[in-house]
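In: Okay, sequence plus prediction incoming.
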Amino acid sequence: MRLAFFSFLGGLCLLSTPLSGQVDSSYVAEILQHRQDYARDLIEGERAPLRARDTAYLDFFPPDPAYKVLADFTSTPEAEPFEMPTSSGRTKTFVQYGWLHFSLAADTFRLAVYRNLMLTMDIYKKHLFLPFKDGSSGESTYGGGRYLDLSMENIQDGKIILNFNLAYNPYCAFSNGYNCPIPPSVNRLDVAIEAGEKAFTKDH
């Protein structure tokens, strides 16, 4: 199994190399390292959705710095907790923490960012959750949308970096039996975000 996993890592470098050759090599190396760590996390632990050999079916867009943007953050202290539906039909309790306003190319967008009120461990106290769908959902990326993890500590002077190269699939993209939050309608973009993780290429 370890051989299969490290075979995937070797293939990942080819899969994720930018075609233009103009992207800073240190930035590419940073994204590739993140993807290697991410793939390792998917096969470790009791609730891991994949086995080592399944990592060969992971797929990603080439790293693209254009999808790393600076967003303006606006807090929403008046927001009330609500039940976010999940893929299983159950719900999870979230509260909106704020809005993120950002630009891609010539267009401007807004996404809501949330706190999961069901995660009470200390390591999650600063965690922020950004689920979204975009024009690629159901085409080149998972139809149920993708996620980004952020931290309150990364908000500086009312701004935070959004790096869509780090967008990842929920566990439901890989296997059944998980409760994956469904991105709210306010977090559905018409534009295709061609960065981060693509659709898993193995059926389940």
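Out: Looks like it came in fine. As the structure is a prediction and not an experimental result, all values here were calculated from the model.

In: For the rest of this, base every contact and every neighbour count on C-alpha atoms.
Out: Will do.

In: Quick check: can you list the domain ranges of this structure?
Out: When the chain is parsed with automatic domain parsing, its domains come out as 1-60, 64-204.

In: Comparing those by mean pLDDT, which bottoms out?
Out: Across the domains of the chain, domain 1-60 has the smallest mean pLDDT, namely a mean of 74.

In: rewinding a little: could the domains of the chain be laid out in TSV, adding mean neighbour count?
Out: Listed next are those as TSV, based on neighbours: other C-alpha atoms under 10 Å:
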stretch	mean neighbour count
domain 1-60	15
domain 64-204	17
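
In: Work out which residue lies at the spatial centre of the chain.
Out: Ala167 (2.7 Å; C-alpha atoms, centre = their mean).

In: So for that one, what's the nearest residue that isn't a sequence neighbour?
Out: Excluding the flanking residues, the one nearest Ala167 by C-alpha to C-alpha, 6 or more residues apart in numbering is Gly196, at 4.6 Å.

In: try Ala71
Out: Ala71 sits nearest to Phe102 (C-alpha to C-alpha, 6+ apart), 4.6 Å away.

In: who does the helix or strand encompassing that neighbour pair up with?
Out: In this assignment (DSSP states H and E), Phe102 forms part of strand 91-104. In the sheet, strand 91-104 lines up against strand 68-75 (antiparallel), strand 82-85 (antiparallel), strand 107-116 (antiparallel) (DSSP bridges).

In: Can you tell me what sits against the second one?
Out: The set of residues that contact strand 82-85 without belonging to it, under C-alpha atoms under 8 Å, 6 or more residues apart in numbering, is Thr91, Lys92, Thr93, Phe94, Val95, Pro181, Ile182, Pro184.

In: Would you check which pair of those residues lies furthest apart?
Out: Comparing all pairs in these by C-alpha to C-alpha, the longest separation belongs to Val95 and Ile182, at 14.3 Å.

In: what helices or strands is the longest helix anywhere in the chain leaning on?
Out: Looking across the chain with DSSP state H, the single longest helix is helix 25-41. Using 3 or more C-alpha pairs under 8 Å, 6 or more residues apart in numbering; DSSP states H and E, the elements in contact with helix 25-41 are helix 2-15.

In: Lovely, talk soon.
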